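Peer 1: With the sequence up front, the predicted model follows.
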Amino acid sequence: MNNNSTSAHDPSVQKVTSLVQAIYTSRSLIGEDQQSQLLAECRVKNPKNDVSGVLVSHDEKFLQVLEGPASHIRTLIGKIEKDPRHTEFHVIGINPISQRNFPDWSMAALSLDPMRFTQLVDDCMAGGNEALENIRDFLCYGIWKK
């Protein structure tokens with residue numbers, strides 16, 4: 001028997017879970033009280049599914065970033081798309097990532113002024129990671145680069 005081979009039953013072999021990041025925009029159809037309740041629910045459910053992220057808002061507009069195992073994120077996006085609490089749902093992208101931008105937040109929330117929100121959405125649509133770095137830095141340090 002070859003001792004150099006590994007088995008799927010070997011406990012020392014860790015299963016690698018592919019991480020993805022999903023970013024979408026939508027328009028909210030709920031008030032602030034319902035939004036606070038929704039965020040509270042996310043903060044309970046997301047850790048159970050190994051999901052992290054941030055909800056960025058301006059008035060009724062949302063930009064949300066979700067990170068976690070591909071299967072969980074794809075299922076969650078499907079549920080969110082059908083959720084009657086918002087409309088004008090648009091997925092900007094679902095992309096593989098090697099590490100999370102928001103590992104410490106089951107669901108952070110951030111409200112921005114209209115100019116900064118629009119710039120953030122434009123930057124996300126352009127595919128740059130700078131927008132997400134700006135959000136993370138603001139959440140961590142209270143600093144906005146742009």
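Peer 2: Now that the structure is in, tell me what you want to look at. Residues are numbered from 1 along each chain as shown.
Peer 1: check contacts around the most centrally placed residue in the chain.
Peer 2: The central residue of the chain, meaning the one whose C-alpha is nearest the mean C-alpha position (C-alpha atoms, centre = their mean), is L66 at 1.6 Å. Each residue near L66 by C-beta atoms under 8 Å, 6 or more residues apart in numbering is listed here: 21-23, 51-53, 73, 76-77. For every residue, glycine as well, the C-beta is placed using N, CA and C.
Peer 1: secondary structure class for it?
Peer 2: At L66, secondary structure determined by DSSP: H, G, I helix; E, B strand; the rest coil is strand.
Peer 1: and it, what are its bridge partners?
Peer 2: In this entry, L66 is beta-bridged to A22, G53, by DSSP bridges.
Peer 1: Wait, D113 touches D59, no?
Peer 2: No: counting by C-beta atoms under 8 Å, D113 sits too far from D59 to count as a contact (10.2 Å).
Peer 1: Can you give the contact residues for stretch 131-146?
Peer 2: Contacts for stretch 131-146 (C-beta under 8 Å, 6+ apart): 54, 56, 65, 101-102, 105, 108, 110, 116, 119-120, 123-124, 130.
Peer 1: Out of those residues, give me the two with the largest separation.
Peer 2: Using C-beta to C-beta, these span at most 21.4 Å, a distance reached by W105 and Q119.
Peer 1: More neighbours: these two, which one.
Peer 2: Under the criterion of other C-beta atoms under 10 Å, the comparison of W105 against Q119 puts W105 first, with 19 against 15.
Peer 1: Need the pLDDT of K146.
Peer 2: On pLDDT, K146 comes in at 61.
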